[in-house]
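Q: Provided below are the primary sequence and the corresponding predicted coordinates.
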Amino acid sequence: MPADKRKLKLFEALELRAEYDARTKTLAECLPEKRENRGRFLYREDEVVNRPAPGFDMAKVRDEIAALEQKRRKLNAAVQETNFRNTVEIQGHTLSLAEALDLRKALNTKIGDLHAQVTGAAWERVIYKEGRDIVQESHLDYARCVADLDRARLEFRELNRKLRAASFVLEVDFRDE
């Protein structure tokens, strides 16, 4: 098979990886070890016993899970290779996709922190004590916090768009089923 017939676009590889995860989860939840804990806190008057339905072969399901897990590992390795091998331009800096993904994760965390700062800076604390109000002003400037959050969100949006655009161009060396 020619090498170009084996390649998937990065976005297709990510979708296939998610499909492998979903298929594995579905099959795993059919196995008795995953079913044991379901509903164990419910009161039952009659004892319910489960048995495998006709056509359900636990050994075959376990083999399918193992095969899917192996495919997922190989696909993930190919995706990671693509992420390390290719770059994207972010604010005048050239980063590998792997670095850009780490940056996106860090930016997302920063956005969460800045969100907390904005909501905290929006209010003063007023304590009524001994017939008078004691006002504890926020130590953060509300307008500055909002501006910082907006900048981080714009940076995240730009980064995410570049990563998404790259996923439609870059190829992963993995053959789809």
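A: Yes, it's here. These numbers come from a predicted model, not from an experiment.
Q: all contacts plus neighbour counts: C-alpha atoms, from now on.
A: Noted.
Q: Put the alpha carbons of the lowest-mean-pLDDT helix or strand in the chain into PDB.
A: Lowest on mean pLDDT, DSSP states H and E among the helices and strands of the chain sits strand 132-136, with a mean of 75. Written as PDB, here are the backbone C-alpha positions of strand 132-136 (Å, rounded to 0.1, in the frame of the first residue of the first chain):
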ATOM      1  CA  ARG A 132     -20.900  50.400  62.100                       C
ATOM      2  CA  ASP A 133     -19.900  49.000  58.700                       C
ATOM      3  CA  ILE A 134     -16.300  47.900  58.200                       C
ATOM      4  CA  VAL A 135     -15.500  47.800  54.500                       C
ATOM      5  CA  GLN A 136     -12.800  45.600  53.200                       C
END
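Q: What about F156, how many residues nearby?
A: Neighbours of F156 under the rule other C-alpha atoms under 10 Å: 20.
Q: Just give me the longest helix of this structure.
A: When the chain is parsed with DSSP state H, its longest helix is helix 58-85.
Q: so what does the helix or strand following it touch, helix or strand wise?
A: Sequence-wise, the next helix or strand downstream of helix 58-85 (DSSP states H and E) is strand 87-90. Strand 87-90 sits against strand 93-96, helix 97-121, helix 142-167, with contacts defined as 3 or more C-alpha pairs under 8 Å, 6 or more residues apart in numbering; DSSP states H and E.
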